[in-house]
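**Q** the sequence isn't on hand, but the structure is:
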């Protein structure tokens, strides 16, 4: 079974989001001096930018393509569409996780 581009985007987005959370939580457990140095580091800033872009781009990709892929799943326009349009990136991740295998790709 080969992974399609939607599954790859989901995995990239989720893993990047989890790494960001781990990084943020770990910042609470290091000393203030180390945290200050880490916040000013170009490498740390670069990693943060890359991870943020990975989450944002993969989530938006899943969200934009989800309008056509999950139209039959969401149904007629109404509150479900409003929820899907409002939650953007997280809606894209959730719909791919929950219904990705059922979508006509």
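**A** Received, thanks. Just so we're clear, the structure is a prediction, and the values are computed from it rather than from any experiment.

**Q** looks like residue 59 contacts residue 88 (just checking).
**A** Yes - using C-beta atoms under 8 Å, residue 59 is in contact with residue 88, at 7.1 Å. The way it works is simple: take the backbone N, C-alpha and C, and place the C-beta from them, glycine included.

**Q** looking at these two, which is more packed in?
**A** residue 59 (24 against 16; other C-beta atoms under 10 Å).

**Q** can you list the neighbours in contact with stretch 77-93?
**A** Stretch 77-93 is contacted from outside by 10, 13-14, 55-56, 59-64, 66-67, 70, 74, 94-95, using C-beta atoms under 8 Å, 6 or more residues apart in numbering.

**Q** can you give me the buried ones in the longest helix along the chain?
**A** Scanning the chain for the helix with the most residues, using DSSP state H, yields helix 42-69. Using 16 or more other C-beta atoms under 10 Å as the test for burial, helix 42-69 gives 48, 51, 54-55, 58-59, 61-63, 65-66, 69.
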